[in-house]
Each structure stands twice: as structure tokens, then as C-alpha cells.
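> have a look at this fold, sequence not included:
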């Protein structure tokens, strides 16, 4: 039973298109995150939600819009895709937010390729 | 701004060796630290979490320690096995700031 699951696992699309990635966690956690892993394998935080409220919004283009319909789900919508958006996007969750958040659990990642 | 450095970037050892992976933070104000492994094309698997009141954690052949005064953490792997081959990432202070990882190869 997967704790943090993301769909789709692979996504290949053309420049200019709009796409979404979905994430669900069944751990009962309050906080969810989106991370981006670039071609050099460097992982960087993009967004974080705590109980459906946006608490972290790093310097990410506003073409990226996260949405959390409930605390178990965090989706990422990307408008007008660019070549530089090609990366692996990881969803994660933790029990709480901030320094006492506890262990972070990651999904398997969604590999986005923009042609 | 917190930055994390992992040394070495890559390591190749024969099976059975004990090894140490290093992680250092530019800002020693570390509240929590987590070590992960990432297999090629896969997600991150959490190995150990050191919380703010702790100095080390152990799980099986793995031991992680955190020295807040120096802003350094080490991951010790005992009796390495080919199945330990992966990239090991350290990260601190939720939302986690990651290092670039150490790519470990254990040769049978």
C-alpha cells in the first residue's frame, strides 16, 4: 500500500502545453510538498501546503500552480510548458510543518519531458 | 541561506568495507537532518532522521550522527554490500535543503 503516490509516472509533452501531476498520501499527514530534481540530480523545494494552506512558495514561475483540495492531496498544474521544465517532480509529506515536521516521505517521482 | 555539501561526490569500495559519507551545512542552525538513498530512476527512501534533540540514529548497518556545533553529519555504513549501491542524500531543516548526494558503488 503506497504511502505517497504520484501520477503520472512519466509525462512527455510539447512546449506550450498545459499539464498536471497529482499526488496523494495515505499517511494522515498534515503537510505536503513539491520538489523538483533537475538534470544534475539536484533536489529543490518548490511549494509546501499545511492542511490545505500554502505555506512555502519558493521562487518558482507563476506558470506553476499547486492546488490542495484536501490535506491528503496536492496537485501541480503547469501552464505553457517550456523546455527548462523538463525534470523529475517529487511529492512528499510529513506529519507536521516546520522544524518539528518529522520524517519526510517521498513519492516515486513524475518524470516530465518537454519536447 | 542554508547550503549543503556532500563529500565525496562518488565513492567505489569493495564489498565488506566500512565507509563514511560526509555532509556539511553552511549554517549550523540545524533543527533536523534526514538521510535518504535514491536508486537510479526511483524515488527517495528515508534511511534515518535525526531530530533536534538527538545526536545520532542507528538502523541496522547504518549509523548517522549530527554535530550541530560544526554543522556536520556523517553516515556510517558497516560491512557494505552490492545492494547498498545508490546515491545517498542528506538534507536538513524542513522544508529540506538537499546536498547533491554521494554516488556509492559497492563492488562484489
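Received it, and whenever you're ready, just let me know what you need. The model shown is predicted, which means the values in this text are computed figures rather than measured ones.

> get me the contact residues on chain B for chain A.
Residues of chain B lying near chain A by Cβ under 8 Å from any Cβ of the partner chain: B:31-32, B:34, B:36, B:42-46, B:49, B:51-52, B:87, B:89, B:91, B:93-98, B:100-101. C-beta: built from backbone N, CA, C; applies to glycine.

> what about stretch B:22-33, start to end distance?
13 Å (Cα to Cα, to the nearest Å).

> buried set for that stretch?
Buried residues in stretch B:22-33, counted by 16 or more other Cβ atoms under 10 Å in any protein chain shown: B:23-25, B:30, B:32-33.

> give me the subset of the residues of chain B next to chain A lying in strands.
B:34, B:36, B:44-46, B:49, B:87, B:89, B:91, B:97-98 (DSSP state E).

> got the residues of chain A near chain B?
A:33, A:40-45, A:48, A:56, A:90, A:92, A:94, A:97-109.

> quick revisit: could I get the ones in strands among the residues of chain B next to chain A as a markdown table with pLDDT and neighbour count?
As requested, those are exported to a markdown table (pLDDT from 0 to 100; neighbours: other Cβ atoms under 10 Å in any protein chain shown):
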| residue | pLDDT | neighbour count |
| --- | --- | --- |
| B:34 | 94 | 27 |
| B:36 | 96 | 23 |
| B:44 | 94 | 26 |
| B:45 | 94 | 13 |
| B:46 | 94 | 16 |
| B:49 | 93 | 18 |
| B:87 | 97 | 20 |
| B:89 | 97 | 26 |
| B:91 | 92 | 25 |
| B:97 | 88 | 20 |
| B:98 | 92 | 22 |
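
> can I get these in TSV with distance to residue B:68?
Listed next are those as TSV, based on distance: Cβ to Cβ, whole Å:
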residue	distance to residue B:68
B:34	15
B:36	20
B:44	23
B:45	25
B:46	21
B:49	15
B:87	25
B:89	20
B:91	15
B:97	15
B:98	19
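
> give me the low-pLDDT residue ranges for chain A?
Filtered on pLDDT under 70, chain A yields the residue ranges A:1.
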